[in-house]
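Any chance you can model this:
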Amino acid sequence: MIVEPRRQIAARVVSSIEQALAKRHALMAAGDAGAVDELLHAMHTVKSSRFNAAERLERKNTLSLFAMSMVSLYFVGLSVWQVIYAPLIADAGNRLITLVSIMSSVFTLVLALIEAMNDYRIKAHHMHACALAVNELYQELKLMRSGDAVVVQEFRRRYNAIIRGCPFNHARVDYLMARAERAESLGEKAWARLRYAWDVYALYGLCLLTPPLVLLVCR
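Below you'll find the predicted structure:
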């Protein structure tokens with residue numbers, strides 16, 4: 001009569017322990033899955049940002065060289081024109097052409113200094129190489145999809161090593177463009193593209209348009 005209740009109590013205790021262990025394993029699995037998703041999201045954001053950075057820097061390199069060539073052409077062309085047609089140009093026109101020539105030479109110097117300091121091509125190469133490495137790791141983890149904490153930590157270590165191995169970081173505009181690629185809001189996409197266009201084209205557009213505009217407006 002006494003043994004039976006003890007057996008029932010023992011069975012209930014064992015059942016409670018098993019349920020607690022099962023719940024604990026389920027929570028650990030959910031936590032590991034969350035860690036994998038978080039790491040995958042971070043990898044996707046960084047690789048997209050750095051691909052955007054590489055493309056942006058390549059464009060800035062091309063635009064910088066083009067703008068430098070055109071502004072130098074302004075300076076040389078106006079100087080030659082001023083020398084050849086000096087007797088036919090009024091004093092006010094001569095002063096205006098001299099002013100625009102000086103502006104062109106200053107813009108050429110500024111663009112040359114910016115190009116030398118930023119070295120867009122080297123930065124673009126590093127960004128593209130880093131993005132490729134992160135993308136390879138991202139695809140590997142996505143295919144494996146392991147919830148093992150040790151495996152996740154190893155992938156995190158390799159990911160951090162890739163990030164630290166890149167000597168440059170992407171800009172905020174690259175991050176905004178990466179977010180805009182997955183965003184549903186048209187406003188967010190428009191704002192990111194506006195920031196991108198301002199960063200890439202504003203300076204070179206100013207250098208290219210200012211000399212001829214001054215010449216046309218003040219003639």
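
Need the residues that contact stretch 39-54.
Residues from elsewhere that reach stretch 39-54 (Cβ atoms under 8 Å, 6 or more residues apart in numbering): 123-125, 127-128, 130-131, 134-135, 137-138, 141-142, 152, 155-156, 159, 163, 166, 170-171, 174-175, 177-179, 181. All C-beta spots, glycine's among them, are computed from the backbone N, C-alpha and C.

Mind checking which of those are in helices?
The helices, defined by DSSP state H, take in 123-125, 127-128, 130-131, 134-135, 137-138, 141-142, 152, 155-156, 159, 163, 174-175, 177-179, 181 from the contacts of stretch 39-54.

just to revisit the earlier point, kindly write the ChimeraX command that selects the buried subset of the contacts of stretch 39-54.
With 16 or more other Cβ atoms under 10 Å as the criterion, this ChimeraX line picks the buried residues out of those:
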select :123,124,127,128,130,131,134,135,137,138,141,152,155,156,159,163,166,170,171,174,175,177,178,179
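
Could you state which residue of this structure sits nearest its centroid?
Geometric centre of the chain, nearest residue: residue 174, 2.7 Å, by Cα atoms, centre = their mean.

residues touching that residue, list them.
49, 50, 52, 53, 56.

In CSV, list those residues along with secondary structure.
Below are those laid out as CSV (DSSP: H, G, I helix; E, B strand; the rest coil):
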residue, secondary structure
49, helix
50, helix
52, helix
53, helix
56, helix
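
May I have stretch 73-82 exported as CSV, CA atoms only?
Output in CSV follows, covering the C-alpha atoms of stretch 73-82 (Å, rounded to 0.1, in the frame of the first residue of the first chain):
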residue,chain,number,x,y,z
LEU,A,73,40.7,71.3,-71.1
TYR,A,74,38.7,74.4,-70.0
PHE,A,75,41.9,76.0,-68.7
VAL,A,76,44.0,75.1,-71.7
GLY,A,77,41.3,76.0,-74.3
LEU,A,78,40.5,79.3,-72.7
SER,A,79,44.1,80.3,-72.4
VAL,A,80,44.8,79.5,-76.1
TRP,A,81,41.6,81.3,-77.1
GLN,A,82,42.6,84.3,-75.1
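
Pass me the low-pLDDT residue ranges in the protein, would you?
For the chain, applying pLDDT under 70 flags the ranges 1-33, 86, 145-147, 219.

Which parts of it are helices?
Taking DSSP H, the helices of the chain run over residues 3-84, 91-118, 120-144, 149-165, 172-182, 186-217.

and the second one, which residues are buried?
By that I understand helix 91-118. 93, 96-97, 100-101, 103-105, 107-108, 111, 114-115.

Could you tell me how far residue 153 is located from residue 37?
15 Å (Cβ to Cβ, to the nearest Å).

Residue 58 too?
Counting by Cβ to Cβ - residue 58 and residue 37 are separated by 32 Å.

residues touching the nearest residue to residue 101 once chain neighbours are set aside, list them.
Leaving aside its sequence neighbours, residue 101 sits nearest to residue 78 (Cβ to Cβ, 6 or more residues apart in numbering; 4.7 Å). The contact partners of residue 78, by Cβ under 8 Å, 6+ apart, come to 97, 100, 101, 104.

ok, now with 6 Å
For residue 78, the contact set (Cβ atoms under 6 Å, 6 or more residues apart in numbering) comprises 97, 100, 101.

what does residue 152 give?
Here residue 152 is in contact with 35, 36 (Cβ under 6 Å, 6+ apart).
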